[in-house]
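In: I'll drop the sequence and a predicted model, then ask my questions.
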Amino acid sequence: MRRRTSVGSWIGAVIVVLGILLAGGYLARKAMHLNEPQIAVAPPASTASTSTPASAASAPIQHPIEQAQAEPATASTAALPALGDSDADAASALTRLAGGDTLTSLLVRQQIIARIVATIDALPRRGLSTYMLPVHTPKGALSTDDSGGTMVLGAKNAGRYAPYMKIIEAADPQAVVAWYVRAYPLFQEAYRQLGYPKGYFNDRLIVVIDDLLTAPEPAQPPALARSRTYYVYTDPALESLSAGQKLLLRVGPANEATIKDKLRAIRTALVGQHLRAMPEPAGTAG
């Protein structure tokens, strides 16, 4: 988080919810830096899988897209465009799924599906310095508060994410999944081009959702400390979280709960199994 001009942001939830709003893994990491320039480029295929064990790239499919419990897509039954020609189709579908014009000014309209895939793939990791972002970053800097002489994550941060939360709240999980299932061959192709020729994107998506759902929910705003170039959490357990989990800490407890509810609904539709909400923690020190 820059002290005056933030290059950080948050985005959250699967495809519309994950893809469009979860570019924040990289951006949330960027938000913790004070003087680091913004980077938004895709990793080369030869290095994209360096953080993933080789065995995972060729593991048996765990969640075949055919098992997804999606209602028939109502948008179009026409043949899918080629991945390189899919931006107009994807932008139209995502804008419709977002429930209005809010997404219009946020969405980056080039290589949309490739950007979504690269962003989602990166969220469970800690280092997210080289991948494309599917949306523009929000305005403003991440704020801090003083709590008894301790610097903590600012309560005003939740307001910065209002446009993104509007999209999340409007998105219907069944409609999101229906479009995703229809367009899945494009997501799979983009995932292979990212550097996973034997990987299965839907399996990776479930891994990402599960990682986000296990993000902690601190009872108090997390404490921060400033190093030479960036802010860090003083709690080592929080500082060691994945980029996606750290991102959820920044949106505020109410927004985090809303995002997780949407993710559970999407996960249920994708795997055909209901996932119970985790019990609320007794309290986590910030």
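Out: On my side now, so go ahead. Numbering: from 1, shown residues only.
In: check the gap between Ala175 and Gly252 for me.
Out: Ala175 sits at a distance of 26 Å from Gly252 (criterion: CB to CB, to the nearest Å). Heads up, the C-betas are built off the backbone N, CA and C, glycines and all.
In: my bad, should have said Lys166
Out: Lys166 sits 15 Å away from Gly252, going by CB to CB.
In: higher neighbour count, those two?
Out: Gly252 (21 against 15; other CB atoms under 10 Å).
In: not counting its neighbours along the chain, what's nearest that one?
Out: Ranked by CB to CB, 6 or more residues apart in numbering and with sequence neighbours excluded, the top spatial neighbour of Gly252 is Ala158, at 3.3 Å.
In: the one you found in helix, strand or coil?
Out: helix (DSSP: H, G, I helix; E, B strand; the rest coil).
In: tell me how far it lies from Leu249.
Out: 11 Å.
In: who has more neighbours, these two?
Out: Legend: neighbour count by other CB under 10 Å for Ala158 and Leu249, higher for Leu249 (23 against 17).
In: OK, contacts around the nearest residue to Tyr191 once chain neighbours are set aside?
Out: If the residues on either side of it in the chain are set aside, Tyr191 comes closest to Phe201, at 3.8 Å by CB to CB, 6+ apart. The contact partners of Phe201, by CB atoms under 8 Å, 6 or more residues apart in numbering, come to Val117, Tyr184, Phe187, Gln188, Ala190, Tyr191.
In: just to revisit the earlier point, contacts only, for the residue nearest to Gly252.
Out: Counting by CB under 8 Å, 6+ apart, Ala158 has contacts Val251, Gly252, Ala254, Asn255.
In: and the two most separated of those residues?
Out: Val251 and Ala254 (8.5 Å; CB to CB).
In: quick check: longest helix of the protein.
Out: If you go by DSSP state H, the chain has its longest helix at helix 173-194.
In: helices or strands next to that one in the packing?
Out: Contacts defined by 3 or more CB pairs under 8 Å, 6 or more residues apart in numbering; DSSP states H and E place helix 173-194 against helix 87-97, helix 112-122, helix 201-213, helix 253-271.
In: measure the spatially closest residue to Ala91 that is not a sequence neighbour to Ser86 for me?
Out: Leaving out its chain neighbours, the residue that sits closest to Ala91 by CB to CB, 6+ apart is Arg109, at 5.4 Å. For Arg109, the distance to Ser86 equals 11 Å [CB to CB].
In: try Arg250
Out: The gap separating Arg250 from Ser86 is 31 Å, by CB to CB.
In: same drill for the two, tell me which one is more crowded.
Out: Per other CB under 10 Å, whichever of Arg250 and Ser86 has more neighbours is Arg250, with 25 against 20.
In: hang on, that one packs against Leu153?
Out: Yes: between Arg250 and Leu153 there is a contact under CB atoms under 8 Å: 6.7 Å.
In: find residues that contact each of those two.
Out: With CB under 8 Å, 6+ apart as the test, Arg250 and Leu153 both reach Leu142.
In: average pLDDT across stretch 195-205?
Out: Averaging pLDDT along stretch 195-205 gives 95.
In: could I get the CA-only coordinates of that stretch as CSV?
Out: Listed next in CSV are the C-alpha coordinates belonging to stretch 195-205 (Å, rounded to 0.1, in the frame of the first residue of the first chain):
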residue,chain,number,x,y,z
GLY,A,195,2.6,-23.1,-18.9
TYR,A,196,0.4,-26.1,-17.8
PRO,A,197,0.1,-28.3,-20.9
LYS,A,198,-1.2,-31.2,-18.8
GLY,A,199,-3.0,-29.2,-16.2
TYR,A,200,-6.7,-28.8,-15.6
PHE,A,201,-7.9,-25.3,-14.9
ASN,A,202,-11.1,-26.3,-13.0
ASP,A,203,-9.0,-28.2,-10.5
ARG,A,204,-6.8,-25.2,-10.0
LEU,A,205,-9.9,-23.0,-9.5
